[in-house]
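K.L.:
can't give you the sequence, but here's the structure:
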RNA sequence: GGGGAGAUUCCCGAGUGGACAAAGGGAACAGACUGUAAAUCUGUGGCGUAACGCUUCGGAGGUUCGAAUCCUCCUCUCCCCA
């Protein structure tokens, strides 16, 4: 090994910081090597992240990857966001087999703009470049596409978990979907990516990028994988469509409430992936929670405050904590809650039926559900449990009244 | 191109003429217990002021007193062979 290729303690320390929370790196010593390359050439590394131009929704799960990118930027590197306007023609085959609606150019542009807007909450805009992959994919003619496709085998593509599962379960797989990893791999070739970031579920795509770069005589990128942040339900990947997410622009109170509802076993991952609390400290906190030395609830409060401090500020975290205790320990009603202004058609002869009230406020999907909620004792009106599903309320009694369903859903009424 | 299997409620999956708004499981929701955690237990299960009411079982027609179940055509998927 040449002298200027030696991994100094400084480089190792930096690499270790960049590796925090990652679930995999391909190849294992890739980060160190790329850092050496940077040292040698002085040229910032190209850190790639590919995005689907679907409606942006930045939540903690997505932020895991973005925060990692930010770390690279802070070390002087260049982030290249690739908006997959062309790959959107295919639609990432991950997840369901339902065909995705085609997006128009305007929609894609609009979404891209929104993305950049939201990304800048976490990323350093000056070190973020946004490219559309139609720029190069759009240039490929059929012959070039075929040549490209010849570099990968069906067996390789079928290794990918999504495909393998769908194949095993007799689910349809469109031929064009097989091209997705290839198209994404070509992005890496086109921008000469040094590192490609992605969730664990992008493993195949990212490795395909490495393969293709090698095939085409380019420097191979390093794949840096982040674990998939499990959503609030504790089972599935955090995503907006499932609804098990915490949006990075949510109010402190909302974030706090949601974070307090995660299971204890998820705390460690959330600490590591969503906060900057040092790893040793996280380990200590978790250990204390597990041994019963500290009430796990208090560790979770800390977690919630840490996260709120990132997206709002520390003070907001404290406030949310106090508010949460006021509501849950003291049983008081929250300061903020959705409001519903009654409309003309909602009442009859100055009175409104509870079940109807639940339906119009959106707290129950239908009368049947509303009836059930009341019968089961899940509904209270101004703090008093509603026992009778036939109960009627006079309009005058409704102004400013608080309707509560279940443990945590409130609506304030307006007449 | 030939042969076979299939499409059921949020998901998986039973159901082959009436007892089916449709088994069972999962998810979800509510209650109890808690720390708005986990686990456990109980309850709910389309809509509907609830009614022997209305609309559901890929789509459109048909047979029948009666269809998720039978017939015809259509759409989509999977498997095997070529």
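P.N.:
Everything's here; your move. In this text the structure is predicted, and so the values were computed from the model without any measurement.
K.L.:
Look up the closest residue to residue A:334, ignoring the ones flanking it.
P.N.:
Sequence neighbours aside, residue A:327 is the residue nearest to residue A:334 in space, at 5.3 Å (criterion: C-beta to C-beta, 6 or more residues apart in numbering). (Each C-beta comes from the backbone N, C-alpha and C, glycine too.)
K.L.:
The one you found: helix or strand, and which one exactly?
P.N.:
Residue A:327 is located in helix A:314-328, with elements delineated by DSSP states H and E.
K.L.:
just how off-centre is the strand or helix carrying residue A:373 within its chain?
P.N.:
In the assignment (DSSP H and E), residue A:373 maps to helix A:367-375. Its chain's average C-alpha position is 34 Å from that of helix A:367-375, according to C-alpha atoms, centre = their mean, to the nearest Å.
K.L.:
Am I right that residue A:49 falls within a strand?
P.N.:
Yes - Residue A:49: assigned to a strand according to DSSP: H, G, I helix; E, B strand; the rest coil.
K.L.:
Retrieve the pLDDT associated with it.
P.N.:
pLDDT, residue A:49: 95.
K.L.:
check which helix or strand covers the closest residue in space to it that isn't next to it in sequence.
P.N.:
Spatially, and ignoring its direct neighbours in sequence, residue A:49 is nearest to residue A:197 (4.9 Å; C-beta to C-beta, 6+ apart). Using DSSP H and E, residue A:197 sits in strand A:195-199.
K.L.:
which residues touch that strand?
P.N.:
Outside strand A:195-199, the residues that touch it by C-beta atoms under 8 Å, 6 or more residues apart in numbering are A:30-31, A:34, A:45-50, A:64-65, A:68-69, A:72, A:188, A:205-206, A:209, A:221-228, A:237.
K.L.:
Within its sheet, name the partner strands of it and how each one runs.
P.N.:
If you go by DSSP bridges, strand A:195-199 pairs up with strand A:46-51 (parallel), strand A:222-226 (parallel).
K.L.:
out of those strands, nearest to RNA strand B?
P.N.:
strand A:222-226 (23.0 Å; C-beta to the nearest atom of the strand).
K.L.:
what does the closest one contact?
P.N.:
A:18, A:21-27, A:30-31, A:33-34, A:64-65, A:68, A:194-200, A:202-203, A:206-207, A:209-210, A:273.
K.L.:
From the chain's centroid, how far away is it?
P.N.:
17 Å.
K.L.:
Rounded mean pLDDT for it, please.
P.N.:
For strand A:222-226, the mean per-residue pLDDT is 96.
K.L.:
Please pull up the helix or strand immediately following it.
P.N.:
helix A:252-260.
K.L.:
Any residue of that next one touching RNA strand B?
P.N.:
Yes - contact between helix A:252-260 and RNA strand B, assessed by C-beta under 7 Å from any atom of the strand, occurs at A:257, A:260.
K.L.:
Mind listing what's buried along the helix holding residue A:373?
P.N.:
Neighbour-count burial for helix A:367-375, with 16 or more other C-beta atoms under 10 Å as criterion, is recorded at A:370-371, A:373-374.
K.L.:
For the helix or strand following that helix, which strands pair with it and how are they oriented?
P.N.:
Following helix A:367-375 in sequence order, the next helix or strand is strand A:379-381 (DSSP H and E). Strand A:379-381 pairs in its sheet with strand A:384-385 (antiparallel), strand A:402-405 (antiparallel), by DSSP bridges.
K.L.:
what's the spacing between the first one and its chain's center?
P.N.:
This points to strand A:384-385. On C-alpha atoms, centre = their mean, the centre of strand A:384-385 falls 38 Å from that of its chain.
K.L.:
Show me the strands in the stretch 51-200 of chain A, by range?
P.N.:
In the stretch 51-200 of chain A, the segments counted as strands under DSSP state E, counting those that start in this stretch are A:78-83, A:128-132, A:195-199.
K.L.:
List the contacts of the first one.
P.N.:
With C-beta under 8 Å, 6+ apart as the contact definition, strand A:78-83 has outside contacts at A:44-51, A:53, A:69, A:72-73, A:108, A:111-112, A:115-116, A:119, A:123-124, A:127-133, A:187, A:191, A:193.
K.L.:
Ok, stretch A:384-400 next?
P.N.:
Against stretch A:384-400 from outside (C-beta under 8 Å, 6+ apart): A:342, A:347, A:350-355, A:357, A:370-371, A:374-375, A:377, A:379-381, A:401, A:412-415.
K.L.:
Kindly report the same for stretch A:290-297.
P.N.:
Under C-beta under 8 Å, 6+ apart, the answer for stretch A:290-297 is A:260, A:264, A:267, A:285, A:287-289.
K.L.:
Return the member of these nearest to RNA strand B.
P.N.:
Closest to RNA strand B, out of all of the contacts of stretch A:290-297 and judged by C-beta to the nearest atom of the strand, is residue A:264, at 4.6 Å.
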